[in-house]
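Enquirer: fold the following.
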Amino acid sequence: MQALTTRHSTRLTRQLLAHLAVIALAVAGLLSGSGTRAEAASPAPATLAFLDKAFVNNEISLYGSPEYGVTIEAMLARRAGGYPMIKQLPQIKRVFTDRRVIGYSKLGYLYTKDGALRTGRTGMFLFASKALGVANGPIQNIFYAELKASIGKDGSIPLANGNSVEYAWVALGLHAYKQDALAHKVLAFAESRQNADGGFAGWSAASSVDGTGLMLQAQAALRSYGGAKAVASRKTSIGKAVGFLRKVSIEGNHWRSDNGDGTFSPDVNGTAYATMGLKAIGVKIDQYSTWLKAQVAADGGIKSAWSGSAGDVFATAQGYAPMIGKSYVELLTGK
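Expert: Numbering: from 1, shown residues only. As a prediction, the model looks like this:
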């Protein structure tokens, strides 16, 4: 009987703590003014409404399974559109404060099925926690420690398999967590592997538009870090990356992807990441934003090559911010 009472008490305590965490987040939003001042009209409200509808049980699923990378990027998109933190509290509670969802005992969206840390996803988690203003410092500390342990002394990330998207998200997450020395080391290692054409590798050794665009955002965040030699080296790398993107762009306003059968399709996701990268380093992006706006479907979502005339959730999650002229790194400064 005592054991049953103890278990019941423990369950009630956990429930109380969960409710207190939500209240604390709400109070933080109110104190910061984000929950009290009148909200400005969001750009492209139909596109934000499309993303809102994609959330079921406070997360987004693709092909029948929760997809937390897309969920987080959709939340970043909503933040770019002017959503205050308090308006995303239900999603924040689930995605950023529930350890059973995030990761506990090697289970959760920050781990693979084999229990390995998803390094890029962990970087995204740290970055978005700061960009969204989430009061989850103790949880960030746990996963920062795990992420740090996965990085080699030379800045390499064995679990990333050379994918620049992984390296860029790790660098962005470390920067958001105010660990610029380690972020610089990771970024410098990735820069040392920059391809001869100026691009950065994605899932294969070939240069990737997505990877190059996200690397530019990380480089923009750390462009002034280090001494004169480091700054000059990063500037050179940025120039090469921009040259690659310009060379492979289509009609000067978007990029395409290889279908693997000798044909190509317009690449909304690649265009989104490339556009945000260029915006982050100060390049005008009007033509790319205009192209993205032209991909908006009647349902408000951004179409992809595989969604026909309907909006695609993944494309919309990544495409909204650059469509309205923003990059992810701007969100760290509250813009």
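Enquirer: where does pLDDT dip in the protein?
Expert: Along the chain, the parts satisfying pLDDT under 70 run over 1-40, 335.
Enquirer: and the strands in it?
Expert: For the chain, applying DSSP state E gives strands covering 61-62, 65-66, 200-201, 207-208, 256-258, 264-266.
Enquirer: please verify my assumption that Asp267 contacts Val209.
Expert: Yes - under the criterion of C-beta atoms under 8 Å, Asp267 makes contact with Val209 at 6.5 Å. Where C-beta positions appear, they are placed from N, C-alpha and C, glycine not excepted.
Enquirer: re the thing from before, mean neighbour count for the strands of the chain - can I get that in TSV?
Expert: What follows is the strands of the chain, written out as TSV (neighbours: other C-beta atoms under 10 Å):
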stretch	mean neighbour count
strand 61-62	15
strand 65-66	11
strand 200-201	26
strand 207-208	23
strand 256-258	16
strand 264-266	14
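Enquirer: any chance of those in TSV with distance to Tyr273 as columns?
Expert: As requested, the strands of the chain are exported to TSV (distance: least, C-beta to C-beta, whole Å):
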stretch	distance to Tyr273
strand 61-62	18
strand 65-66	22
strand 200-201	11
strand 207-208	9
strand 256-258	12
strand 264-266	14
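Enquirer: setting aside sequence neighbours, what's the nearest residue to Ala183?
Expert: Spatial nearest neighbour of Ala183, excluding adjacent residues (C-beta to C-beta, 6 or more residues apart in numbering): Leu174 at 3.7 Å.
Enquirer: now do the shared contacts for Asp267 and Val209.
Expert: The contact sets of Asp267 and Val209 overlap at Trp255, Ser257 (C-beta atoms under 8 Å, 6 or more residues apart in numbering).
Enquirer: compare those two (neighbour count), which wins?
Expert: For Asp267 versus Val209, neighbours defined as other C-beta atoms under 10 Å are more numerous around Val209 (26 against 21).
Enquirer: quick check: the gap between the nearest residue to that one once chain neighbours are set aside and Asp154.
Expert: Nearest residue to Val209 in three dimensions, chain neighbours excluded: Gly270, at 3.8 Å (C-beta to C-beta, 6+ apart). Using C-beta to C-beta, to the nearest Å, we find Gly270 at a distance of 29 Å from Asp154.
Enquirer: ok, now Asn136?
Expert: 30 Å.
Enquirer: surely Ala201 touches Thr212?
Expert: No - using C-beta under 8 Å, Ala201 is not in contact with Thr212; the gap is 9.1 Å.
Enquirer: now do the shared contacts for the two.
Expert: Ser164.
Enquirer: nearest to Gly308, of the strands of the chain?
Expert: When the strands of the chain are compared by C-beta to C-beta, strand 264-266 sits nearest Gly308, at 12.4 Å.
Enquirer: for that closest one, give me every contacting residue.
Expert: With C-beta under 8 Å, 6+ apart, strand 264-266 has contacts from Ile250, His254, Trp255, Arg256, Ser257, Asp258, Asn259, Gln295, Ala305.
Enquirer: and the fourth one, what does it touch?
Expert: Applying C-beta under 8 Å, 6+ apart, one finds that Arg256 lies in contact with Ile250, Phe264, Ser265, Pro266, Asp267, Gly270.
Enquirer: would you turn these into TSV with distance to Phe189?
Expert: Shown next, in TSV, are the contacts of Arg256 (distance: C-beta to C-beta, whole Å):
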residue	distance to Phe189
Ile250	31
Phe264	31
Ser265	32
Pro266	32
Asp267	27
Gly270	23
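Enquirer: from these, pick the one nearest Ala116.
Expert: Nearest member of the contacts of Arg256 to Ala116, counting by C-beta to C-beta, is Gly270, at 26.6 Å.
Enquirer: quick one: Glu191 and Arg234 touch, right?
Expert: Yes - counting by C-beta under 8 Å, Glu191 touches Arg234, with 7.0 Å between them.
Enquirer: what do these two both touch?
Expert: Joint contacts of Glu191 and Arg234 (C-beta under 8 Å, 6+ apart) are Gln219.
Enquirer: give me the more crowded residue out of Asn136 and Asp154.
Expert: The neighbour comparison of Asn136 against Asp154 (other C-beta under 10 Å) goes to Asn136, with 22 against 10.
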